[in-house]
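A.B. asks: quick check, what structure comes out for this input:
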Amino acid sequence: MKKFIIIGIISLFCTIPSTAQGKKEGREKIKTLKIAYITEQLQLTTGEAQKFWPVYNAYDEEQHSLRRSYRFTLKQAIKENESIDKLSENESKKLISLKLSTDKKLNESQEDFTKKIAQIISANKIIKLQIAEIEFGRNLMRKYKHKKSDSKN
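C.D. replies: A predicted model of the protein is given here:
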């Protein structure tokens, strides 16, 4: 039964819109699929789910925001200088420092999140969550690569 659900979730990746307008819809669809996948993998009780998802969603948004902010700054610096090769040594050092700072914030956010959810779910389920996130990402990338190679043929 689990295999059918997982296969169903993965097969839905094919329907993710690829147009500019559909990007937000695509992200929402991916988020919905991720929630379904994690819920199934963790086998959350109703009580756990009610407490878990608000904490997880806040954490996920914080992680996304930190990464988005770094990527934006990096892209802006490259755009302003026309290419990576034209960045000055000082600008490059600032970007490296920003990356390290962002990574530190991401790690602190993850530690804080882990402490919060440890009060909601067991340590075993926290490990299952970490594995589920990795597997979901891998499945998503695998499906994306497969879809991309199909469109080239």
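A.B. asks: in this protein, which helix is the longest?
C.D. replies: Across the chain, the helix with the greatest residue count (assigned by DSSP state H) is helix 46-81.
A.B. asks: avg pLDDT for the next helix or strand after that one?
C.D. replies: Later in the chain than helix 46-81, the nearest helix or strand by DSSP states H and E is helix 89-117. Throughout helix 89-117, pLDDT has a mean value of 97.
A.B. asks: what angle separates the longest helix of the chain from helix 89-117?
C.D. replies: Helix 46-81 and helix 89-117 are oriented at 180 degrees to each other (axes from the mean of the first three to the mean of the last three Cα atoms, to 10 degrees).
A.B. asks: list the helices and strands helix 46-81 packs on?
C.D. replies: Here helix 46-81 touches helix 22-42, helix 89-117, going by 3 or more Cβ pairs under 8 Å, 6 or more residues apart in numbering; DSSP states H and E. All C-beta spots, glycine's among them, are computed from the backbone N, C-alpha and C.
A.B. asks: try it again at 10 Å.
C.D. replies: Using 3 or more Cβ pairs under 10 Å, 6 or more residues apart in numbering; DSSP states H and E, the elements in contact with helix 46-81 are helix 22-42, helix 89-117, helix 123-152.
A.B. asks: list the buried residues in that helix.
C.D. replies: 48-49, 51-53, 55-56, 59-60, 62, 66, 70, 77-78 (16 or more other Cβ atoms under 10 Å).
A.B. asks: check the offset of that helix from the chain's centre.
C.D. replies: 8 Å (Cα atoms, centre = their mean, to the nearest Å).
A.B. asks: can you give me the angle it makes with helix 123-152?
C.D. replies: If you take the same axes, to 10 degrees, helix 46-81 sits at 50 degrees to helix 123-152.
A.B. asks: avg pLDDT for helix 46-81?
C.D. replies: Mean per-residue pLDDT for helix 46-81: 95.
A.B. asks: between that helix and helix 22-42, how many degrees?
C.D. replies: Going by the same axes, to 10 degrees, helix 46-81 makes 140 degrees with helix 22-42.
A.B. asks: could the helices and strands packed on helix 46-81 go into TSV alongside distance to residue 82?
C.D. replies: As requested, the helices and strands packed on helix 46-81 are exported to TSV (distance: least, Cβ to Cβ, whole Å):
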stretch	distance to residue 82
helix 22-42	26
helix 89-117	12
helix 123-152	28
